[in-house]
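>>> Sequence and predicted structure below; questions after.
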Amino acid sequence: MNTILYIKDSFCLSADTLRGWFAKAAMDSSIYEELLTLYLDGVLEHWLEDGTLEERKMAHDIHEIPLGLTNRDAMERLMGIFTQSKVVVKKPAVNGFVEFLSFSYRQAGDERLLPIGKDTVFVSSKEDTVKLVLRVKVRQVDNEALNIRILNNGQVIPVRNLCLKEQKKGQELEIPIVLKLYDDDLHVVRLLCDDELWAEARFQLQTKVLEENGVMTVYPTNDRKLFFKMRKVEGGTFMMGATHEQASSSTGEHPAHRVTLDSYYIGVTPVTQELWQAVMKDNPSCFKEKGRPVESVSWDDCQEFIKKLNVLTGLKFRLPTEAQWEYAARGGNKSGNYRYAGGNAPQNVAWFEGNSGRCTHNVGTRQPNELGIYDMSGNVWEWCQDWYDREYYNCSPEMNPEGPSSGSVRVNRGGSWYNTAASCRCANRDFYSPSGTSIFVGFRLAL
């Protein structure tokens, strides 16, 4: 999707995240009202129209909601579109002794009890447990003991036997249950009492995404220690190419020209070997260490990585355009007009031939630039989305340029541990075959 939808001062980047908000709307009137307003204003339908096939289908279903419905009826239609009705709740009285009241869960960091209704419950992949609460009412005191069990994807989770002799008639009991989440992205949980099904619920693991002060932190897997950060780059206008402070500019950097960009996100660091390993299950790098940038990856390899990462996260990562890369390297709308990304002294902001010891280094170990972004000068060259054309700057559009429509080689930017300082300048351009790999070349993400 080309835009970011804000709900409750948080951003929503995928239909899966939106489902989570609809799941919460049944329990939170403020979320309910905000989603209803987004629907009535046409924002939801417009936001989904340029998404995936599934998201476009959702947009179509929203468009088919008849006009003139009451707000409540319209919201019920929306709930049907965005929630997965896979929860079955029964209210039996086992042997006449107890009455089932509810089966609910307690959100992480939130002590409110959120009843499980018909919706899938979306759980952050940063969390590894869900706290469930079973409520029953004693209808008759007896020597019987009720055998309560939980099945998580068929695996038995013992809870406890409820001794009715120790209870009082009419007493309501609250039974806490801790559910452990494993690697499955969907958990079908069944609550049984003496082999009778009382409730069935679905828990969907969801990528944890946090944003604070313009920095997005993404936890792509269930490993809480694995995360990466994306910096929001506010849109603006800048002079791209052979500006005066760049000096030593090559033919491909001319002419300097005005470019205007919309806002976007870009990686705070290049993609690390740790992240690549988690997504691709291999590590092609020559200089192996999890905190160093992945290298020896082709442009084509990066596309495969991004495809898998997007499946894991539900987000729409990509490579930056060449213009986005240079604008971020220059510091965006906070630019100090430096020659390198973050300053005029390469030894402070870059790993290059003068200080690298002829190898890559852990990302984020030189000084950042004005936006808090690291390694845009030196360490590894970085793939951009664009085809390379030395003459492109002569005809580049001003608004959001995306490079030539075709070509034989793709753009590299930033210089590397092997290169001179001049190669690490913000405006310097290079290129490589999209199928080729090199120990000098890695990449960073954009969104």
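Received the coordinates, thanks.

>>> Can you show me the strands along the stretch 301-447 of the chain?
Applying DSSP state E, counting those that start in this stretch to the stretch 301-447 of the chain gives strands spanning 381-387, 410-413, 429-432, 441-442.

>>> Let's have the ones you listed in JSON lines, adding mean neighbour count.
For every residue, glycine as well, the C-beta is placed using N, CA and C. Output for the strands of the stretch 301-447 of the chain, formatted as JSON lines (neighbours: other Cβ atoms under 10 Å):
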{"stretch": "strand 381-387", "mean neighbour count": "24"}
{"stretch": "strand 410-413", "mean neighbour count": "26"}
{"stretch": "strand 429-432", "mean neighbour count": "20"}
{"stretch": "strand 441-442", "mean neighbour count": "27"}
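
>>> Among those, single out whichever gets nearest to residue 221.
strand 441-442 (20.5 Å; Cβ to Cβ).

>>> Contacts for that closest one, please.
Outside strand 441-442, the residues that touch it by Cβ atoms under 8 Å, 6 or more residues apart in numbering are 270-271, 293-297, 379-383, 412, 416, 432.

>>> Would you mind confirming that residue 139 is in contact with residue 100?
No: using Cβ atoms under 8 Å as the test, residue 139 is too far from residue 100 to be in contact (10.7 Å).

>>> Look at these two and report which has more neighbours.
Per other Cβ atoms under 10 Å, whichever of residue 139 and residue 100 has more neighbours is residue 100, with 20 against 17.

>>> Surely that one and residue 136 touch.
Yes: with contacts defined as Cβ under 8 Å, residue 100 counts as touching residue 136 at a distance of 5.8 Å.

>>> show me the contacts for residue 413.
Residue 413 neighbours (Cβ under 8 Å, 6+ apart): 322, 325-326, 329, 376, 381-382, 384, 428-430.

>>> Against residue 322, how distant is it?
To residue 322, residue 413 is 7 Å away according to Cβ to Cβ, to the nearest Å.

>>> where along this protein do the helices fall?
Along the chain, counting by DSSP state H, helices occupy 15-25, 29-40, 43-48, 53-63, 71-82, 273-280, 299-313, 322-329, 346-349.

>>> export those helices to TSV and tack on distance to residue 175 and mean pLDDT?
Putting those into TSV (distance: least, Cβ to Cβ, whole Å; pLDDT from 0 to 100) gives the following:
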stretch	distance to residue 175	mean pLDDT
helix 15-25	23	75
helix 29-40	28	85
helix 43-48	38	87
helix 53-63	37	82
helix 71-82	29	77
helix 273-280	37	96
helix 299-313	35	92
helix 322-329	53	98
helix 346-349	58	98
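
>>> Please identify the most buried of those helices.
Mean neighbour count (mean count of other Cβ atoms under 10 Å) peaks for helix 322-329 among the helices of the chain, with a mean of 26.

>>> Show me what that helix is packed up against.
With contacts defined as 3 or more Cβ pairs under 8 Å, 6 or more residues apart in numbering; DSSP states H and E, helix 322-329 has these neighbours: strand 228-233, strand 236-240, strand 257-261, strand 264-267, strand 381-387, strand 410-413.

>>> wait, which of those is closest to residue 203?
Here strand 228-233 is closest among these (Cβ to Cβ), at 25.0 Å.

>>> Just list what that closest one packs against, helices and strands only.
Contact here means 3+ Cβ pairs under 8 Å, 6+ apart; on that basis strand 228-233 packs against strand 215-219, strand 264-267, helix 322-329.

>>> Excluding residues flanking it in the chain, which one is nearest residue 315?
Of all residues not flanking residue 315 in the chain, residue 13 sits nearest, at 5.1 Å (Cβ to Cβ, 6 or more residues apart in numbering).

>>> on that earlier part again, between the helices of the chain, which one is closest to residue 252.
That would be, of these and by Cβ to Cβ, helix 322-329, which comes in at 10.8 Å.

>>> Let me know the angle separating the closest one from strand 228-233.
90 degrees (axes from the mean of the first three to the mean of the last three Cα atoms, to 10 degrees).

>>> got a list of contacts for helix 322-329?
So helix 322-329 is contacted by 231, 233, 236, 238, 240, 259, 261, 264, 266, 320, 341, 369, 371, 373, 376-377, 382, 384-386, 396, 400-401, 403, 411, 413-414, 426-427, 429, 446 (Cβ under 8 Å, 6+ apart).

>>> So among these, which ones count as buried?
For the contacts of helix 322-329, a neighbour count by 16 or more other Cβ atoms under 10 Å gives the buried set as 231, 233, 238, 240, 259, 261, 264, 266, 320, 341, 369, 371, 373, 376-377, 382, 384-386, 396, 401, 403, 411, 413-414, 426-427, 429, 446.

>>> could the helices of the chain be laid out in TSV, adding distance to residue 177?
Below are those laid out as TSV (distance: least, Cβ to Cβ, whole Å):
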stretch	distance to residue 177
helix 15-25	20
helix 29-40	26
helix 43-48	35
helix 53-63	33
helix 71-82	26
helix 273-280	31
helix 299-313	28
helix 322-329	47
helix 346-349	53
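
>>> nearest to residue 173, of the ones you listed?
Per Cβ to Cβ, nearest to residue 173 of the helices of the chain: helix 15-25, 26.6 Å.

>>> got CSV for the helices and strands packed on strand 228-233, with distance to residue 245 too?
Formatted as CSV, these follow (distance: least, Cβ to Cβ, whole Å):
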stretch, distance to residue 245
strand 215-219, 27
strand 264-267, 22
helix 322-329, 13
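
>>> Residue 287 is nearest to which of the ones you listed?
Nearest to residue 287, of the helices and strands packed on strand 228-233 and by Cβ to Cβ, is strand 264-267 at 19.1 Å.

>>> what about the strands of the stretch 301-447 of the chain, which gets the closest to residue 223?
strand 441-442 (21.6 Å).

>>> circling back: next, format the strands of the stretch 301-447 of the chain as JSON lines and append distance to residue 280.
Formatted as JSON lines, the strands of the stretch 301-447 of the chain follow (distance: least, Cβ to Cβ, whole Å):
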{"stretch": "strand 381-387", "distance to residue 280": "15"}
{"stretch": "strand 410-413", "distance to residue 280": "19"}
{"stretch": "strand 429-432", "distance to residue 280": "20"}
{"stretch": "strand 441-442", "distance to residue 280": "13"}
